[in-house]
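>>> could you look at this predicted model? Sequence included:
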Amino acid sequence: MTARVGLEIARWVFAFLGWTLLLVSLWERGLVRTLLPSLLKGLGTILGGAGALAIVIAVVQAFFLEKIKGWVEQQRLEITHGQKIVEEMVKQLHDYAHRYYMPLGRTAMQFVNANRRRDWKDAFYFFVLHHYHRNQLTDELGGYFLRDATAEVVLPRLARKVRDAFSSPAGFLEWGELERLASELLPSPKTSNRPEFDRRISVGWGLEKYRQFRELLERNPQQVQVKDAVECLAAYASLLLLEVNLAYGAWYGEIHADLTENAFRTIVETLGELVKHNMLPQEEADAYGRRLGLYVIRPRATA
């Protein structure tokens, strides 16, 4: 809005300067001095004297002043309306972040960290909890609502790659079992009850799924599907956090977000897949990659 006001003021200033230069040029050529008396005389005759001319000038001046005042008021209303829209968006984003995005990002990174330290029970718990929150997002919100529409396409693709890696034929989950994990193994997703979760994965179907999960991660840490799944989930968490912070930054003027080089590389690869499957235009993918590149943490060059 401020830029529009500045451009409009500049337009008026340049128009004034242009007319001034034109009049000066005509004055120097003697045209104004030659024509002005005749014009004023004719105008005075038509209007009935200098008093009428003064009235006309006053009316014209008032007309332009009203136009300017109206335009300024319109700009003020547009700015106020824009501020209200942003305020409502920030409130809505805060609600979505609290209910959906932060639990998703947090459990994704907790799974990644547990896998790195080879704590398989923790990894399984956060894997199940993460997919509970993802199902909740799908059921209640239907999808992602973020600052950048491209991110709303990339995030589901990253999540889908994780799901595919753990599903048959290469993974340990049959059709529908991912939802069953959450419903049967989580005593209460909203309150931490790890002892009950650990008890449920120590017997029956829960034990069977835990053993298959552990075998997949423990025996095949360098297998392409497992490695890709872990990297995709790490990239998913980083991108979700980045997009939430970028939206807050548009309002508060501060941005606290970054991407690792690995996460950025995974996201760029995913953008390429979306383009290949005609799910994203090449220009949009390239533009989004350039924007994300601004937030990548790169090691400092050594002398």
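Happy to help now that I have it. Numbering: from 1, shown residues only.

>>> and Leu129, what helix or strand is that in?
Here Leu129 is covered by helix 120-140, with elements defined by DSSP states H and E.

>>> show me which residues of that helix are buried.
Residues of helix 120-140 classed as buried: 120-134, 136-137 (neighbour count, 16 or more other C-beta atoms under 10 Å). For every residue, glycine as well, the C-beta is placed using N, CA and C.

>>> show me what it is packed against.
Packed against helix 120-140, as judged by 3 or more C-beta pairs under 8 Å, 6 or more residues apart in numbering; DSSP states H and E, are the following elements: helix 102-116, helix 151-166, helix 177-185, helix 194-200, helix 204-218.

>>> repeat that with 6 Å
The contact analysis (3 or more C-beta pairs under 6 Å, 6 or more residues apart in numbering; DSSP states H and E) places helix 120-140 against helix 102-116, helix 177-185, helix 204-218.

>>> figure out which of those helices is closest to Arg265.
Taking C-beta to C-beta as the measure, these were each checked against Arg265, and helix 102-116 came out nearest at 15.6 Å.

>>> can you list the neighbours in contact with the closest one?
Contacts made with helix 102-116 from outside it, assessed by C-beta atoms under 6 Å, 6 or more residues apart in numbering, are listed as 122-123, 126-127, 129-130, 133, 230, 233-234, 236-237, 240-241.

>>> most tightly surrounded among the helices and strands packed on helix 120-140?
helix 102-116 (a mean of 20; mean count of other C-beta atoms under 10 Å).

>>> and the angle for it with helix 204-218?
For the pair helix 102-116 and helix 204-218, the angle between their directions (axes from the mean of the first three to the mean of the last three C-alpha atoms, to 10 degrees) equals 70 degrees.

>>> got the angle for helix 102-116 vs helix 151-166?
Put simply, helix 102-116 runs at 40 degrees to helix 151-166, going by the same axes, to 10 degrees.

>>> please begin residue numbering at 9 from this point
New numbering, starting at 9: the last item is helix 110-124.

>>> and helix 110-124, average pLDDT?
For helix 110-124, mean pLDDT rounds to 93.

>>> kindly report the same for stretch 291-300.
Averaging pLDDT along stretch 291-300 yields 94.

>>> buried stuff in that stretch?
Within stretch 291-300, the residues that qualify as buried are Ala293, Tyr296, Leu300, counting by 16+ other C-beta under 10 Å.

>>> what about Glu226, distance to Leu145?
Distance of Glu226 to Leu145, given as C-beta to C-beta, to the nearest Å: 29 Å.

>>> Ala293 too?
From Ala293 over to Leu145 the distance is 24 Å, taken as C-beta to C-beta.

>>> and if you look at Val162?
For Val162, the distance to Leu145 under the criterion C-beta to C-beta works out to 15 Å.

>>> with Val161 instead?
Separation of Val161 from Leu145 (C-beta to C-beta): 15 Å.

>>> show me the contacts for Arg107.
Shown in contact with Arg107 (C-beta under 6 Å, 6+ apart): no residues.

>>> break the chain into its domains for me.
Domain assignment of the chain by automatic domain parsing yields the ranges 10-89, 96-301.

>>> re the thing from before, among the helices and strands packed on helix 128-148, which is nearest Leu154?
When the helices and strands packed on helix 128-148 are compared by C-beta to C-beta, helix 110-124 sits nearest Leu154, at 12.2 Å.
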